[in-house]
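>>> Turn this into a model:
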Amino acid sequence: VQLQASGGGLVQAGGSLRLSCAASGRTFSTYAMGWFRQAPGKEREFVASISWSGGSILYADSVKGRFTISRDNAKNTVYLQMNSLKPEDTAVYYCAADRGILVSDPDYWGQGTLVTVSS
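Reported below is the predicted structural model:
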């Protein structure tokens, strides 16, 4: 599975962005998908995960209520809708695929897309 993330950019605090992650391969619908992020000088951290069917979703506490993860298996794409963005959301965002129920130890990683939130 190859993953291509896009949609990052510069946004003011309080604004919104939608990230997309397009996957190659016909087995996309069998993978749990997720988003991670890495801020400058910090370790990569979990953001959100969605099961293959979309029936199970998990969020980090820091984004709960502001971010929404979704997927379209017909388009081999997973999304991350980010609302009410804060400067502390600034990071490179990575999508990931996992053979498990939800993403925990990803089998595949995308290349990352930079999100910058200005105050």
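>>> From residue 68, how far out is residue 93?
The gap separating residue 93 from residue 68 is 14 Å, by Cβ to Cβ, to the nearest Å. All C-beta spots, glycine's among them, are computed from the backbone N, C-alpha and C.
>>> Could you check which of these two has the larger neighbour count?
Each of residue 93 and residue 68 has its neighbours counted (other Cβ atoms under 10 Å); residue 93 has more, 23 against 16.
>>> hang on, isn't the more buried one packed against residue 5?
Yes. In this structure, residue 93 sits in contact with residue 5. The criterion is Cβ atoms under 8 Å, and the distance is 6.6 Å.
>>> How about residue 27: what's its closest non-neighbour residue?
The shortest distance from residue 27 to any residue other than its chain neighbours is 6.8 Å, reached at residue 1 (Cβ to Cβ, 6 or more residues apart in numbering).
>>> Next, the contact list for the one you found, please.
Shown here is residue 1, whose contacts under the criterion Cβ atoms under 8 Å, 6 or more residues apart in numbering are 23-25, 27-28, 31, 97, 107-108.
>>> Also residue 101?
With Cβ under 8 Å, 6+ apart, residue 101 has these contacts: 32, 51, 56.
>>> Please apply the same query to residue 84.
Applying Cβ under 8 Å, 6+ apart as the definition, the contact partners of residue 84 turn out to be 14, 16, 66.
>>> again, 10 Å this time
Listed by Cβ atoms under 10 Å, 6 or more residues apart in numbering, the contact partners of residue 84 are 13-16, 63, 65-67.
>>> so how far is residue 40 from it?
Distance check for residue 84 against residue 40: by Cβ to Cβ, it reads 21 Å.
>>> ditto for residue 31
Using Cβ to Cβ, we find residue 31 at a distance of 29 Å from residue 40.
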